[in-house]
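A.B. asks: quick one: sequence plus predicted model below, questions after.
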Amino acid sequence: MRARVGDRLVVHGRTVGKPDHMVEVVEVLGSDGGPPYRVRSDDGHETIMTPGPDTVVDPQGGTGQG
């Protein structure tokens, strides 16, 4: 997985009825765009995340820019 600052990470719900969770990458801590990432939720909470196999990158938040 490779991400850049401004990309969104989409964590797919693992159980029926659980919605996807999206966070914004605010800092790339790994080398060459790899994890871990400092991410921010819509509520402003920040954490360091190493995404699992249920996570995909939405480049630049789906704008197609970058």
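C.D. replies: Thanks, I have the structure now.
A.B. asks: secondary structure element for the residue most central in space within the chain?
C.D. replies: The centroid of the chain falls nearest to residue 9 when counting by Cα atoms, centre = their mean (2.2 Å). Here residue 9 sits within strand 8-11, counting by DSSP states H and E.
A.B. asks: strands paired with that strand, and their directions?
C.D. replies: Strand 8-11 pairs in its sheet with strand 21-28 (antiparallel), strand 55-58 (antiparallel), by DSSP bridges.
A.B. asks: ok, residues contacting the shortest one?
C.D. replies: Identification of contacts with strand 55-58 by Cβ atoms under 8 Å, 6 or more residues apart in numbering yields 1, 2, 3, 7, 8, 9, 10, 11, 12, 22. C-beta: built from backbone N, CA, C; applies to glycine.
A.B. asks: quick one: residue 27 and residue 35 touch, right?
C.D. replies: No: look at residue 27 against residue 35 with Cβ atoms under 8 Å: they stay out of range, at 11.3 Å.
A.B. asks: residues near the closest residue to residue 32 other than its chain neighbours, how many?
C.D. replies: Spatial nearest neighbour of residue 32, chain neighbours left out: residue 2 (7.1 Å); criterion: Cβ to Cβ, 6 or more residues apart in numbering. Applying other Cβ atoms under 10 Å, we find 12 residues neighbouring residue 2.
A.B. asks: ok, residue 37 next?
C.D. replies: 26.
A.B. asks: partners of it in the sheet?
C.D. replies: Applying DSSP bridges, one finds that residue 37 bridges with residue 28, residue 49.
A.B. asks: which stretches of this protein have low pLDDT?
C.D. replies: 61-66 (pLDDT under 70).
A.B. asks: about what we covered before: now tabulate the strands paired with strand 8-11 in a markdown table and tack on distance to residue 42 and mean neighbour count.
C.D. replies: Conversion of the strands paired with strand 8-11 to a markdown table gives the following (distance: least, Cβ to Cβ, whole Å; neighbours: other Cβ atoms under 10 Å):
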| stretch | distance to residue 42 | mean neighbour count |
| --- | --- | --- |
| strand 21-28 | 7 | 17 |
| strand 55-58 | 14 | 16 |
